[in-house]
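S.K.: quick one: sequence and predicted model below, then my questions.
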Amino acid sequence: MRLVNRARPAWVVLAALQLPLLAGWALYVLDPGKTGRRSLLIFVALAALFSLGVIGFAALWPRLRTPAGDWRLPLWARRALVAGLVAAGFAVGLVMRPEWIYAFTALNVAATAALALFTLLPDQAARPLPRWGWALLGVGAAAVVLLRVYGLAYYPYTQITDEGWLLAWPVGYLRTGHFSDYLMAYGGHDVQRYYLPMAWWLSIVGAGFWEARLFSYLVTLGVVVVGGLAGAALYDRATGWLTAFALFASAVVMIGARIRHDAGLALAIALGLWLYGLALRRHKLWLHALAGLMVGLGWFAHYHAIGFGPALALALYLPRYIAQARDGGRRRWLPEAGFWAFAAGGLLGAGAVFLLQVLPDLQAFLLTRESRTPVGLAGLLEAAWGHLQSIIFHSRYEFILIALGLGAALWRRTAIDVTLALAFLFCHLALALMAAVPWDHYPNALTPIYGLLIATLLTRGLQRAARPARLTRRTALLGLAFLLPALGLTLQIPAARLVAGAPIKPPPPPAAQWILDHVPRDARIEGEHYYYLWLHDYRYISPISPNFLPPERRAELNTLEAQWADINPDVFLLDPNLNTCCIVGPLAENGWMDDNGYRLAAEIPGQRLPVRIYVREGLLDDAE
């Protein structure tokens, strides 16, 4: 009753916030490039009606109860209103565009649903989620998983440089029985052993773009599950469930479904946080050591584990060290035994990776692994902001939730909240130190931390003293209100492809299809990494192969022409629309192709410029 009586000021504040939102939409639609789009105008009209409805509801709030304190609205109407608001958030997510005005509109709908939940259904606070509620959530989660699996070839969008390149690592292992940078004619990078289980997977289901992405998506589901376990171990069961839901709905987590290894490191960090939480609960040193071991083994997936390991060690144990120093004692200036166990486990994991991954490919490691540290403080800050912008790039709405969660954790300042906030700050600083170029997939490894920040925002808010909680109806609905917009955003492209009846495995691009139709499978193909996603049955060669030319041969092969004469492919697939290295193109312009027995066999329309395919003389005649 007290919460209901204090609700009017909250509704008044929410109503007042509608005014800047309405002004923002007015300025948005006045942009000359947007006024003619009917779908936009319909959405803006609906958003304006929603805001006016919130203002009207706030004005009517005093009349919703009788003098005796009874509701004038029947229970079914109040429940329907809350359910409708939660569903509206999901609908906004399905049409959300990558612009701040859409993100704030989604947040407005979520906040309205949350306030309606707290003020119209105060009796839901302690009632457990019924079995039919669990069943409904389970069916919904299964439907989302199936839709995402259906749309894996379309979302997340293809990373044209990396995905074909990295698909070749497990495929090369299956072809040769050992790991190598398979697309590089002169060798290349050492290969993370994370790709060994992917190779086993592909040996069962078959090699292909969709099949490899399915493996990556299954790893992200592991991150969801283990992240939820970490939330339960560090906080309580309700936080665990909402951490899992936040990760399940996350656009940044979904980037891990690409053919890359970032999700493997995210899984290692999630395992480390879960085991650390168990170690605090059970007071077992071996669990601290196992937590460190998991983070150290994350190096099998991504070399960023080298920086994230020390960053996490500081974040997890520094608050406890400060508290220990304040309490006094004979050994107050020495870190606790748990820290040393964590560090020992991390070093053991890193040592295993060095012996099993780095040492067998030591020459490739020494030749290709170079520092990517930014130059100076300005470069460091620019890199740090760039990695935060990667989150913004994928979901502005999710970035707002993470920022709010970080602010709430710093406000509460309990020991575990400070630990979580420091993990965010230290790991992002380590990421900036390790990677001056902020590729959009790098924050994926830190998603377990993001999920915990969002979940604690929803389960604990600004309350410093929170008792362990189970998942009640209110907590579940609050999670749905704030996380369904994020989930809807990740389902936009898969849902659109489903409605359009698109195939699970899209047909190869025209240039790749031409090669499949005309070129024998034993031919050596040079082309952009992107096309290897469909041409993995060929011996494929990357256009950046000369970058890895052994030092002892550089004097002999000191020109582009000499290098490609030495590599000697049968086919050159030149796509200037995708070219990210600008290495091979000049060969077609200076007459080298004609002088070395290649002819233009096909010219296929491209996005901007035609795609040209040069074939060695006689190759197609032999195939016929």
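M.R.: Structure received. Numbers count the residues shown, from 1 in each chain.

S.K.: excluding sequence neighbours, find me the nearest residue to residue 64.
M.R.: residue 72 (5.5 Å; Cβ to Cβ, 6 or more residues apart in numbering). Where you see a C-beta, it was placed from the backbone N, CA and C, and this is true even at glycine.

S.K.: what residue ranges in the stretch 501-624 of the chain score low on pLDDT?
M.R.: Residue ranges of the stretch 501-624 of the chain with pLDDT under 70: 579-582, 622-624.

S.K.: which parts of it are helices?
M.R.: 510-518, 529-532, 560-567, 585-589, 592-595, 619-623 (DSSP state H, counting those that start in this stretch).

S.K.: for residue 147, see how far away the residue nearest to residue 64 is.
M.R.: According to Cβ to Cβ, to the nearest Å, residue 72 and residue 147 sit 41 Å apart.

S.K.: ok so, going back, test my guess that the residue nearest to residue 64 contacts residue 62.
M.R.: No: counting by Cβ atoms under 8 Å, residue 72 sits too far from residue 62 to count as a contact (10.9 Å).

S.K.: of the helices of the stretch 501-624 of the chain, which stretch is the most buried?
M.R.: Comparing the helices of the stretch 501-624 of the chain by mean neighbour count (mean count of other Cβ atoms under 10 Å), helix 529-532 ranks first with a mean of 24.

S.K.: what is it packed up against?
M.R.: Helix 529-532 is packed against helix 162-176, helix 510-518, with contacts defined by 3 or more Cβ pairs under 8 Å, 6 or more residues apart in numbering; DSSP states H and E.

S.K.: rerun at 10 Å
M.R.: In terms of contacts (3 or more Cβ pairs under 10 Å, 6 or more residues apart in numbering; DSSP states H and E), helix 529-532 is packed against helix 162-176, helix 510-518, strand 539-541.

S.K.: same list, these, but as CSV with distance to residue 98 please.
M.R.: Below are those laid out as CSV (distance: least, Cβ to Cβ, whole Å):
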stretch, distance to residue 98
helix 162-176, 21
helix 510-518, 29
strand 539-541, 33
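
S.K.: show me where this protein has strands.
M.R.: Assigned by DSSP state E, the strands in the chain fall at 524-526, 539-541, 571-574, 598-604, 611-616.

S.K.: sheet partners, orientation included, of the first one?
M.R.: So that's strand 524-526. Using DSSP bridges, strand 524-526 pairs in its sheet with strand 539-541 (parallel), strand 571-574 (parallel).

S.K.: got it, and the longest one?
M.R.: Using DSSP bridges, strand 598-604 pairs in its sheet with strand 611-616 (antiparallel).

S.K.: now the angle between helix 510-518 and the strand it pairs with, please.
M.R.: 30 degrees (axes from the mean of the first three to the mean of the last three Cα atoms, to 10 degrees).

S.K.: return strand 611-616 as PDB; C-alpha atoms alone will do.
M.R.: Output in PDB follows, covering the C-alpha atoms of strand 611-616 (Å, rounded to 0.1, in the frame of the first residue of the first chain):
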ATOM      1  CA  VAL A 611      33.900  -9.200 -60.400                       C
ATOM      2  CA  ARG A 612      36.600 -10.700 -62.800                       C
ATOM      3  CA  ILE A 613      37.700 -14.300 -62.900                       C
ATOM      4  CA  TYR A 614      41.000 -15.100 -64.600                       C
ATOM      5  CA  VAL A 615      41.700 -18.800 -65.400                       C
ATOM      6  CA  ARG A 616      44.900 -20.500 -66.500                       C
END
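
S.K.: how about low-confidence regions in the stretch 1-150 of the chain?
M.R.: Residues of the stretch 1-150 of the chain that meet the cut-off, pLDDT under 70, sit at 1-6, 32-36, 124-125.

S.K.: as a check, name the ranges of all helices in the stretch 351-500 of the chain.
M.R.: Using DSSP H, counting those that start in this stretch, helices in the stretch 351-500 of the chain cover 362-368, 376-394, 396-412, 415-434, 447-459, 473-490, 492-500.

S.K.: point out the most buried one among those helices.
M.R.: Mean neighbour counts for these (mean count of other Cβ under 10 Å) peak at helix 447-459, with a mean of 28.

S.K.: what is that helix packed up against?
M.R.: Looks like helix 447-459 contacts helix 209-234, helix 237-248, helix 251-254, helix 262-282, helix 396-412, helix 415-434, helix 473-490 (3+ Cβ pairs under 10 Å, 6+ apart).
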